[in-house]
Structure formats: C-alpha cells, structure tokens
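# Got a predicted structure here, sequence first:
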Amino acid sequence: MKIGVLALQGAFREHCWMLHECGVEAVEIRKADELDEVAGLIIPGGESTTIGKLLNDWAIMDKIKERAAQGMAIYGTCAGMILLSKNIVDSDQPRLGLMDTSVRRNAFGRQCESFEADLYVKEFGVEPVRAVFIRAPYIEEAGPEVKVMAEVKGKVVIARQGRFLATAFHPELTRDNRIHKYFIKMIQE
Ligand code: GLN
C-alpha cells in the first residue's frame with residue numbers, strides 16, 4: 001500500500017518516517033497527478049494559509065477533492081485539520097472543506113503556549129497518547145456524522161468522519177505510531 005504525504009510545506013518528512021516504520025510506502029506529493037497512485041493522503045502540520053495557497057497555485061486542491069470523492073482516505077494533522085474543515089472561524093482562507101467541522105486556529109494560544117498532554121483514546125487502548133500541540137487549532141463544532149475521539153481542556157482534538165481523520169496535534173513528532181496505524185487500518189477497511 002502507498003500513502004501520500006503532502007510535501008509542499010511543514011512537517012512532512014516525519015510523517016514519511018513514521019509510515020516507513022509502520023511498513024507502508026510513503027510517497028511525497030508535490031504534483032496533482034502523483035495522487036493517482038496513493039490510497040490515502042496525510043496533510044501535515046505547518047501553516048494552513050501557506051499550504052492552502054500552494055494547493056491552489058499548483059492545482060492540487062481540486063485533485064485532492066476528486067480523489068477524496070473516489071474514496072481516498074485523508075488524515076490531517078494540525079494545519080491539515082484546518083484544511084480539512086468546512087468552516088474556519090474568522091477566516092476565508094483556501095481549504096478542502098471535506099469535514100463537517102468548524103475549527104478555530106491558534107486556539108490554545110501562541111507559539112510559546114504550546115504544550116503536551118496525555119490523551120486517553122478508546123480506539124488506542126489503555127496506554128495514553130502523548131500529544132504535542134504547537135499553535136494548535138481545535139474543533140469548535142462538529143456535525144452529526146463526525147465522531148469525536150478525544151478532547152483536551154474540554155476541546156475536541158481528534159475527530160473522524162468516514163474516511164477522514166483529523167488531529168489537532170503532531171503524533172509524527174513522538175515515538176507513538178498508533179494513530180498512523182489507525183489511519184492505515186481505516187484505508188484497509
Ligand atoms: N497555527 C497553524 C495554522 O493555523 C497550524 C500550526 C501547526 O500546524 N502546528 O495553520
């Protein structure tokens with residue numbers, strides 16, 4: 001199985017390493033037609049305004065939507081979560097808008113207010129997930145088809161809607177690959 005990692009900006013290398021560790025081939029995606037060969041796509045953290053602009057400039061935005069409609073699974077971390085959301089509070093920046101969510105950017109505070117937390121997630125067993133939040137967003141509202149998988153400080157930070165998965169934090173910056181394994185399982189289902 002091949003999984004694409006959007007490699008325009010942000011923390012894409014770490015996602016590739018993590019996929020390799022899970023025994024999956026990772027393909028760095030910089031052009032629209034490269035999406036044809038992958039069963040899933042990871043959108044990394046970074047700057048969602050920049051990534052969104054580059055997606056439009058390089059004509060990848062519509063191609064991702066087209067592949068998503070054909071069944072390609074997508075996992076967005078942090079900026080990736082923002083790009084997946086239908087609504088972004090106080091912003092008209094470009095987005096995919098594939099998840100029925102409303103997200104707030106930089107919602108836990110500034111860079112220096114970045115933090116780590118232990119999340120207890122039913123799907124990942126008893127061992128907590130150590131989550132790294134860097135100028136992270138959270139999901140403020142979610143439609144009925146969105147499954148909330150974890151919260152921190154009373155805010156939604158992991159959610160799934162069908163083939164789309166979003167985390168507000170960066171699992172690729174830790175040694176814990178359970179979320180990547182979960183995404184791989186989502187693709188295989
Ligand atoms: N604050 C960034 C944004 O709004 C996201 C930060 C991140 O991906 N770590 O795009």
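The structure has been received and is ready for your questions. Residues are numbered from 1 along each chain as shown.
# okay, CA-based contacts and neighbour counts for the rest of this
Fine.
# so how far is residue 3 from the nearest residue to residue 137 once chain neighbours are set aside?
The spatially closest residue to residue 137, leaving aside those adjacent along the chain, is residue 105, at 4.4 Å (C-alpha to C-alpha, 6 or more residues apart in numbering). Going from residue 105 to residue 3 by C-alpha to C-alpha, to the nearest Å gives 27 Å.
# Which one of those two is surrounded by more residues?
With neighbours defined as other C-alpha atoms under 10 Å, residue 105 and residue 3 compare such that residue 3 has more, 25 against 22.
# Point me to the helix or strand that includes the more buried one.
Per DSSP states H and E: residue 3 is located in strand 2-6.
# and that strand, what does it pack onto?
For strand 2-6, the elements it packs on are helix 12-21, strand 25-29, strand 40-43, judged by 3 or more C-alpha pairs under 8 Å, 6 or more residues apart in numbering; DSSP states H and E.
# Could you please name the strands that strand pairs with and the direction of each pair?
strand 25-29 (parallel), strand 40-43 (parallel) (DSSP bridges).
# still on that earlier bit, spit out the contact partners of the residue nearest to residue 137.
82, 88-89, 135-138 (C-alpha atoms under 8 Å, 6 or more residues apart in numbering).
# tell me which parts of the protein are close to the ligand?
Of all the residues in the chain, those in contact range of the ligand (C-alpha under 6 Å from any ligand atom) are 45-49, 78-79, 105-106, 134-136.
# check contacts around the residue sitting furthest away from the middle of the chain.
The outermost residue of the chain relative to its centre, with distances by C-alpha atoms, centre = their mean, is residue 126 at 23.0 Å. Contacts here follow C-alpha under 8 Å, 6+ apart; on that basis residue 126 touches residue 120.
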